[in-house]
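>>> predicted structure and sequence below. I'll ask about it afterward.
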Amino acid sequence: MFHVKHPKKPGLEGVWRGSKGGLAPIKHPRRRTLPARAGGWAITACLMLAAACSSPEEVSDKTGAATATANPATPPSPPAPPTPDADKVAFTDNAAKGEAKRDFAYTWPAAVSAVPELTARFTAERDKLLADQKSEWNASLQEFAGQDCAGCVNRDFQKVWEVVADIPGFLSLSQMFYEYSGGAHGNSGSDGLVWDREAQQALAPEDLFTSPKALQDVLGTRWCKVLQAERRRRMGGEAPIDNDVFPCPPIKDLTLLLGSKSKTHFDRIGLIADPYVAGSYAEGQYEITLPVTTEVLTAVKPRYRAAFARGE
C-alpha cells in the first residue's frame, strides 16, 4: 500500500456527475453489486439519465458531463449532488481515535423502504460492509500504531442509492460509492438495479436484454462515437486521444441504467464509464444518455418488451 500523510478524501462530492433527467447513478468492472448475479458489493456516485444526445455539447447539457478543461491532468469540477428526498434512510457510523478517523454512510430513497425485500437486502449489505470496515480499521490501528501516517489509519466509505425511474411494474435504481482505505486517493464506482414488482425479483439492468452481444450491437457504435468526442472535449479539444491505452470499452464494462422521460416506460439508457474504464483517473467518470430506439427494442427480452418504448 502506498502511504501518504495527508490523503485527499473527496467523498461523493468529488466523484459525482449528476444530472436532472430521468436516470441516476456510477460501477466498477471488477466489483459490482449486481442484483441477480452475485451477492457481493461494489465500491459509488449516482447519475441521472438525461435526454437523447447526438453531439458532445448535447451530451454535456443533458447528462451533466463536465465541460472541457485546458489542463488534461486536472479532472473537471463536478456539481454538488442533488439533495436526496426527505424520507430517505441515511445511516452513518463514524469514529475517531486521535488522527485516525473512520467514516461510513449508506443511504437509500423512500421508494426502497416501500419494498420490504429491497430494504432487507440493502440492510444486510450495509451491515456487512460496516463490519468489514470496522475490522479492517482496527487492524490498521494496530499495524501502524505510533507511526506518523494519517493516511494509513483513515477509512471512508459512502454508498448512495437513487431512483432512476419508477414506472408501472418496475423500479430502476442506481448506486454510487466512494471508498478510501489508504493510499494516494480513494476509489469510486457505480452500478444499477431493477426491481421487478410482479416477479418480486431484483435484476441487473442487462438482464432485461437478450445478451451482451445484442446490447453491444445496438449501443456500441453510438456509445464509442459520443465517448470519443467527449474525451477530446474534456482534454481541451486539441490533446491527442490515446486509444491504444484506453480503447473504447465495450458495453459490458459499463454501468447500464434504465431511465424514463415519459414516466410510463423505459425510454432512455444511461451508460457510465467509471474512472480507469474509458480514460485516466484524472479524466474522471464518463456518463452518456442515449434514447431507446427501434433497434434497441429488438434487443429487449420478449417478457420485458411492454416496459420499453422509443425515446426522443
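Nice, I can see it.

>>> quick check: V89 touching A105?
No - between V89 and A105 there is no contact under C-beta atoms under 8 Å: 11.1 Å. For glycine as for every other residue, the C-beta is placed from the backbone atoms N, C-alpha and C.

>>> which of the two has more neighbours?
It is A105, of V89 and A105, that has more neighbours when counted by other C-beta atoms under 10 Å, with 20 against 17.

>>> how much space between that one and L227?
Going from A105 to L227 by C-beta to C-beta, to the nearest Å gives 31 Å.

>>> now N154
Applying C-beta to C-beta, the value for N154 to L227 is 34 Å.

>>> ok, which stretches of the stretch 101-250 of the chain are strands?
Here the stretch 101-250 of the chain has its strands, by DSSP state E, counting those that start in this stretch, at 155-167, 170-180, 187-196, 201-203.

>>> now do the third one and strand 155-167, the angle between them.
It stands for strand 187-196. On the basis of axes from the mean of the first three to the mean of the last three C-alpha atoms, to 10 degrees, strand 187-196 is oriented at 30 degrees to strand 155-167.

>>> rounded mean pLDDT for strand 187-196, please.
Per-residue pLDDT values over strand 187-196 give a mean of 95.

>>> please apply the same query to the longest one.
Looking at strand 155-167 alone, the average pLDDT works out to 97.

>>> how far off centre is that strand?
Distance of strand 155-167 from its chain centroid, counting by C-alpha atoms, centre = their mean, to the nearest Å, is 8 Å.

>>> please apply the same query to stretch 213-232.
The chain centroid and the centroid of stretch 213-232 are separated by 18 Å under C-alpha atoms, centre = their mean.

>>> for it, what is the average pLDDT?
Summarised as a single mean, pLDDT over stretch 213-232 is 94.

>>> C-alpha coordinates for stretch 117-131, PDB please?
Presented in PDB, the C-alpha positions along stretch 117-131 are these (Å, rounded to 0.1, in the frame of the first residue of the first chain):
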ATOM      1  CA  GLU A 117     -37.300  -7.300   0.200                       C
ATOM      2  CA  LEU A 118     -35.100  -4.500  -1.000                       C
ATOM      3  CA  THR A 119     -34.900  -3.000   2.500                       C
ATOM      4  CA  ALA A 120     -33.800  -6.300   3.900                       C
ATOM      5  CA  ARG A 121     -31.300  -6.700   1.000                       C
ATOM      6  CA  PHE A 122     -29.700  -3.300   1.500                       C
ATOM      7  CA  THR A 123     -29.700  -3.600   5.300                       C
ATOM      8  CA  ALA A 124     -27.800  -6.800   5.100                       C
ATOM      9  CA  GLU A 125     -25.300  -5.400   2.700                       C
ATOM     10  CA  ARG A 126     -24.900  -2.300   4.800                       C
ATOM     11  CA  ASP A 127     -24.300  -4.200   8.000                       C
ATOM     12  CA  LYS A 128     -21.700  -6.500   6.300                       C
ATOM     13  CA  LEU A 129     -19.800  -3.500   4.800                       C
ATOM     14  CA  LEU A 130     -19.700  -1.700   8.100                       C
ATOM     15  CA  ALA A 131     -18.500  -4.800  10.000                       C
END
